[in-house]
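# What shape does this take:
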Amino acid sequence: QVQLVESGGGLVQAGGSLRLSCAASGRTFSSYTMGWFRQAPGKEREFVAGISWTGDTRYADSVKGRFTISRDNAKNMVYLQMNSLKPEDTAVYYCAARRDRTIRIGVIEYDYWGQGTQVTVSS
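Below is the predicted model of the structure:
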């Protein structure tokens, strides 16, 4: 069982930056693939970024070059550095864990989810 708790969301102006954090419980954290997803009002939850246990990463096209996912296995933490934020990045951001070593982009592929943190980007 893995429990995930996100933090770091907030209100920021367009062009600004935020860093989201995800604290994970569990002794086998380092073997999980971790992902960040987001869900805007009236839209489906979508993949943002993922990182494998070896540090391989994958990004949605909409955030490539602006967002960076990283992990610290010693601290059981995953981060999402978000730069050059746009109003269309406004959403609830969720941390997710997958009991597999491959990065997948489907919501159904992930086994554990956090409660989410709100990110609002004003124009």
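
# Just the pLDDT for the one residue sitting closest to the centre of the chain.
Centroid-nearest residue in the chain, with CA atoms, centre = their mean: Trp36, separated by 2.1 Å. Trp36 carries a pLDDT value of 98.

# Can you classify it as helix, strand or coil?
Assigned with DSSP: H, G, I helix; E, B strand; the rest coil, Trp36 falls in the strand class.

# Now do the same contact list for it.
Shown in contact with Trp36 (CB atoms under 8 Å, 6 or more residues apart in numbering): 20, 22, 48-50, 69, 78, 80, 93-96. All C-beta spots, glycine's among them, are computed from the backbone N, C-alpha and C.

# what about 7 Å?
48-49, 69, 80, 93, 95 (CB atoms under 7 Å, 6 or more residues apart in numbering).

# ok, now Tyr93?
Contacts for Tyr93 (CB under 7 Å, 6+ apart) come out as 6, 9, 20, 36, 38, 116-117, 119.

# make it 10 Å
By CB atoms under 10 Å, 6 or more residues apart in numbering, the contact list for Tyr93 reads 6, 8-9, 18, 20, 22, 36-39, 48, 80, 82, 114, 116-119.
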